[in-house]
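# here's my sequence, what's the structure:
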Amino acid sequence: MHLPGGGIVMAQKISLKIAGHTYNLTVASEEQEEQYRLAAEAINSRFTAYTMSHPGHSAVDILAMVALSETAHRVGLQKEVEALKEGEKALERDLDKYIQDLK
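Now for the predicted structure:
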C-alpha cells in the first residue's frame, strides 16, 4: 500500500484471542489493527457476560448470541444514521426555502 508521501505500508500479521481461540490475521494499517483489537475485546467481554448469565450453553451458542446482539446494535445504529441523514436533508430544504423567501 502506498502512502501520499510516497512511503509504503506493509501488511502486518496480528494474532487475536477470541473465546479462548487464537486467530491469525493480516491487517493493512495500524488503524485497522486497533479496530480488530477493540472488536476482539468487545466480543470477549460479551462472551464472558453471556457465559456467566447462560451457564451450560456451548461456546458456539454463546458466540451466536454475541454476534446477534452486536449485529442488532449495528442495525439500530444504521437506522439512526439514516434518520439523521433524512433530518439533515429536511433542514437543508427548509433552509433553502427560507433563503428563497428572503429574496
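# what about Leu16, which SS state?
State at Leu16, reduced to three classes by DSSP: H, G, I helix; E, B strand; the rest coil: strand.
# run a quick neighbour tally on it.
Number of residues near Leu16 (other C-beta atoms under 10 Å) recorded here: 17. All C-beta atoms are positioned from the backbone trio N, CA, C, and that covers glycine.
# isn't it right next to Leu25, touching?
Yes: between Leu16 and Leu25 there is a contact under C-beta atoms under 8 Å: 6.5 Å.
# show me where the chain has helices.
When secondary structure is read from DSSP state H, the chain shows helices at 30-53, 59-102.
# what packs against the longest one?
This means helix 59-102. Here helix 59-102 touches helix 30-53, going by 3 or more C-beta pairs under 8 Å, 6 or more residues apart in numbering; DSSP states H and E.
# ok and the helix it packs on relative to helix 59-102, angle-wise?
Put simply, helix 30-53 runs at 120 degrees to helix 59-102, going by axes from the mean of the first three to the mean of the last three C-alpha atoms, to 10 degrees.
# show me where this protein dips below the pLDDT cut-off.
1-9 (pLDDT under 70).
# residues shared between the contacts of Leu16 and Leu25?
Residues touching both Leu16 and Leu25 (C-beta atoms under 8 Å, 6 or more residues apart in numbering) are Tyr36.
# list the contacts for Glu30?
Contacts for Glu30 (C-beta under 8 Å, 6+ apart) come out as Gln12.
# distance check, it against Leu102.
Counting by C-beta to C-beta, to the nearest Å, the gap from Glu30 to Leu102 is 49 Å.
# repeat that for Ala59.
From Ala59 across to Leu102, the span is 64 Å (C-beta to C-beta).
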